[in-house]
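**Student:** based on what follows, work out the 3D shape:
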Amino acid sequence: MVERHVHGYDRLGTHSHLRTVLTIALVMIIGFFAGETAGANEAFVTTAGGTAALRRAAETTVRMRAEYIDITLFEERYEVDALFVFDNPGPTVTHEVGFPRFSAGIDRPESFRDFRSWVNDEPVEALEVPAAGGAADVRSPDRESHGTPPSTSLSGAPLSGENPAPRIESYYVRDVEFPRDELTTTRVRYTADYGRDRLFRTVRYLYGTGATWAGTIDTMTIRIDNSRERWIDSFRFAEDRPVAFSTRGATDFDLVKTDVDPPSDATFDLFLDRYAWWLQDPRSSDVSDDWIYDRLHVKREYLRLLSLNQLRIFRNTFFARNGYDFGDGDLGRYFRHFRWYRPVTTSTAGLLNPVEEENVRLIRAEEERRRTFVRD
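**Tutor:** Have a look, this model is predicted:
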């Protein structure tokens, strides 16, 4: 059944600080990140001569047991709130710990805004120290590069190109004591502007620097807070290993990886746009032909990235693309922003083909599944 009005919903629950390129194009566009600045996992570092450099995992008994990367998406920027949990089965040691600021682009990056850090819940001052030798390639001799990323997104569309290798610009350094057989936590928080490739806004997080600690990372949780309902097109990890996906409420989700042994330049990438590609930015002067869901089945994995409200827009887009007239309701006003919308009928009989009908059914099923999280 087609809907005429957008119904609101209540976003239940609260979130603590522990919360963690796709396009359809007529031609392949090679993307690049221009002046993108982003954060990375806490790293085992050493400072000398006013610069800092990564140390090797073989030089410490300290392990990173868990990390919780909470990424909150805003309109023009994003916030990262990251908690790291360490243990030390060896003798008590004090290490220099550095949170890297890295870049992947051609312009000189700006510093983080409002960078703050804690050790065992106590605020500590972090000194920003340049990377040894200037912007340093993250790859280390005892770890391999993650190489070429996957060529397709969750929707089956081509990504816009490979990411350039990350380069560490500086480290936010502080001394941290790691007592024997005790847990130690560090935490950082900062805001940053979105990076950009030719088509998308990007969030990029370098987790490979966690490889400087002994052993593997038991659990890595990336929690995406999308309560402001940015359009998430896709996400990508460096390694082709299982990722557990769990929904939290109407808008948010978690991505969990276990027993993580990343290459030193491994990144997590999140791709966003002002509007979903299947809607098209209303400022465009062209009428969009990028409607493929009359012949392509929607992947459930892609639907999980959309908020409950975005799912409803997606479902009704099938009717709008086929000329259904939503009148003066919320959906009608929404779709009239797009040049491709040409309402010609108020009947849904025979409006969709079998592939589109199946896609609508899948979207409605995901909406119902998501509502259980809101009710609970």
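
**Student:** let me know the pLDDT of the spatially closest residue to A320 that is not a sequence neighbour.
**Tutor:** Sequence neighbours aside, F335 is the residue nearest to A320 in space, at 4.5 Å (criterion: C-beta to C-beta, 6 or more residues apart in numbering). For glycine as for every other residue, the C-beta is placed from the backbone atoms N, C-alpha and C. We have a pLDDT of 96 for F335.

**Student:** ditto for the one 5 residues further on
**Tutor:** Reading off the confidence values, W340 has pLDDT 93.

**Student:** count the residues that sit near the closest residue to T202 other than its chain neighbours.
**Tutor:** In space, T202 comes closest to G195 once its chain neighbours are excluded; the distance is 4.1 Å by C-beta to C-beta, 6+ apart. Using other C-beta atoms under 10 Å, G195 has 24 neighbouring residues.

**Student:** repeat for S307
**Tutor:** S307 has 23 nearby residues by other C-beta under 10 Å.

**Student:** so it makes contact with R248?
**Tutor:** No. Using C-beta atoms under 8 Å, S307 makes no contact with R248, being 11.3 Å away.

**Student:** how many neighbours does the residue nearest to A320 have?
**Tutor:** 23.

**Student:** and S347, by the same measure?
**Tutor:** 9.

**Student:** let me know the distance separating it from G329.
**Tutor:** Computed with C-beta to C-beta, to the nearest Å, the distance linking S347 and G329 is 17 Å.

**Student:** got it, and D273?
**Tutor:** 25 Å.

**Student:** these two: which is more packed in?
**Tutor:** Neighbour count, other C-beta under 10 Å: between D273 and G329, D273 has more, with 19 against 12.

**Student:** and the more buried one, what pLDDT?
**Tutor:** pLDDT at D273 comes out at 88.

**Student:** dump the residue contacts of it.
**Tutor:** Neighbouring residues of D273 by C-beta atoms under 8 Å, 6 or more residues apart in numbering: 199-201, 231, 233, 281.

**Student:** tabulate those in TSV, adding columns for neighbour count and pLDDT.
**Tutor:** Output for the contacts of D273, formatted as TSV (neighbours: other C-beta atoms under 10 Å; pLDDT from 0 to 100):
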residue	neighbour count	pLDDT
L199	19	74
F200	24	82
R201	23	89
W231	21	95
D233	24	90
D281	13	77
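
**Student:** now N359: phi and psi?
**Tutor:** Phi and psi for N359, reported as degrees, to the nearest 10, are phi -60, psi -40.

**Student:** by mean pLDDT, point me to the weakest helix or strand of the protein.
**Tutor:** strand 136-137 (a mean of 52; mean pLDDT, DSSP states H and E).

**Student:** any buried residues in the next helix-or-strand element following it, and which?
**Tutor:** Remark: after strand 136-137, the chain's next helix or strand is strand 167-178, criterion DSSP states H and E. Neighbour-count burial for strand 167-178 flags 167-174, 176, 178 (criterion: 16 or more other C-beta atoms under 10 Å).

**Student:** now do stretch 238-247
**Tutor:** For stretch 238-247, by 16+ other C-beta under 10 Å, it's 238, 243, 247.

**Student:** and which of those is nearest to R55?
**Tutor:** Ranked by distance to R55 (C-beta to C-beta), these are led by A238 at 21.3 Å.

**Student:** my read: that closest one touches D261, true?
**Tutor:** No. When contacts are counted by C-beta under 8 Å, A238 is not listed as touching D261 (11.4 Å).

**Student:** per the record, what domains does this structure have?
**Tutor:** Listed by automatic domain parsing, the domain ranges of the chain are 37-273, 300-375.

**Student:** confirm L331 sits in a helix?
**Tutor:** Yes. According to DSSP: H, G, I helix; E, B strand; the rest coil, L331 belongs to a helix.

**Student:** burial of it, as a residue count?
**Tutor:** When neighbours are counted by other C-beta under 10 Å, L331 registers 22.

**Student:** which residue, other than its chain neighbours, is closest to the residue most central in space within the chain?
**Tutor:** Nearest to the mean C-alpha position of the chain, counting by C-alpha atoms, centre = their mean, stands L270 at 3.2 Å. The shortest distance from L270 to any non-neighbouring residue, by C-beta to C-beta, 6+ apart, is to V203 (4.1 Å).

**Student:** count the residues that sit near L362.
**Tutor:** Neighbour count for L362, taken as other C-beta under 10 Å: 16.

**Student:** I'd say it and V298 touch.
**Tutor:** Yes. Under the criterion of C-beta under 8 Å, L362 is in contact with V298, at a separation of 5.5 Å.

**Student:** quick one, helices of this structure?
**Tutor:** Here the chain has its helices, by DSSP state H, at 300-303, 308-321, 330-335, 354-375.

**Student:** so which of those is the most packed in?
**Tutor:** For the helices of the chain, the largest average neighbour count (mean count of other C-beta atoms under 10 Å) is found in helix 308-321, namely a mean of 22.

**Student:** quick one: low-confidence ranges for the stretch 251-376 of the chain?
**Tutor:** For the stretch 251-376 of the chain, the stretches with pLDDT under 70 are 285-289, 375-376.

**Student:** follow-up on the earlier one: could you measure from the residue nearest to A320 over to A82?
**Tutor:** F335 is 39 Å from A82, by C-beta to C-beta.

**Student:** same check, this time on P91
**Tutor:** P91 sits 27 Å away from A82, going by C-beta to C-beta.

**Student:** what do you get for P166?
**Tutor:** 16 Å.

**Student:** same thing with I224?
**Tutor:** Per C-beta to C-beta, I224 is found 13 Å from A82.

**Student:** same check, this time on W213
**Tutor:** Relative to A82, W213 is positioned 15 Å away (C-beta to C-beta).

**Student:** D181 now?
**Tutor:** Applying C-beta to C-beta to D181 and A82 gives a distance of 24 Å.

**Student:** who's more crowded, those two?
**Tutor:** A82 (26 against 9).
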